[in-house]
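A.B. asks: Here is the input, now give the coordinates:
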Amino acid sequence: MNAPNRSDSYLLPEGAQKVTYEKDTKISNAGKFTILREDHTMGNLIRMQLLRDPNVMFSGYRHPHPLIHDITVRVQTNDASSPVEALANSLDDLSTEFDEIAQKFRRLTGNSKDPSSFS
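C.D. replies: Sure thing, here's the model as predicted:
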């Protein structure tokens, strides 16, 4: 069968970096991040969080093909920030938001287990 291995959609190849950055040479304060082994779920979350930042002028992502499990996020910022700073801040904000959602869920469901104890 020609189907790709399912683990190819989430396991990084040996020696590969999860995120790479390439500065845009034509537009100031712009760049392209390639994130391996992610899809529309992560791409859209990152794009929307970046657009909440007042220093971000443009943010968009592409998921080139359903069998290619990588996304490309393009970011352009004003002079007050860089694309790397904007992405780092957005990821921190998303992490905080997910922690708050998890705490609220545990409180509302009465589940006080430590999430690190789940395997």
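A.B. asks: Pull the number of nearby residues for A102.
C.D. replies: As a burial measure, A102 scores 12 neighbours (other C-beta atoms under 10 Å). For every residue, glycine as well, the C-beta is placed using N, CA and C.
A.B. asks: no, scratch that, I was asking about S59
C.D. replies: For S59, using other C-beta under 10 Å, the count is 22.
A.B. asks: Show me which residues of the helix or strand harbouring F105 are buried.
C.D. replies: Following DSSP states H and E, one finds F105 within helix 83-109. Neighbour-count burial for helix 83-109 flags P83, A86, L87, N89, S90, L94 (criterion: 16 or more other C-beta atoms under 10 Å).
A.B. asks: what sits against the last one?
C.D. replies: L94 makes contacts with L45, I46, Q49, as judged by C-beta atoms under 8 Å, 6 or more residues apart in numbering.
A.B. asks: Give the closest residue to the last one in space, chain neighbours not counted.
C.D. replies: Nearest-residue entry for Q49: S90, 4.1 Å, with adjacent residues in sequence omitted and distances by C-beta to C-beta, 6 or more residues apart in numbering.
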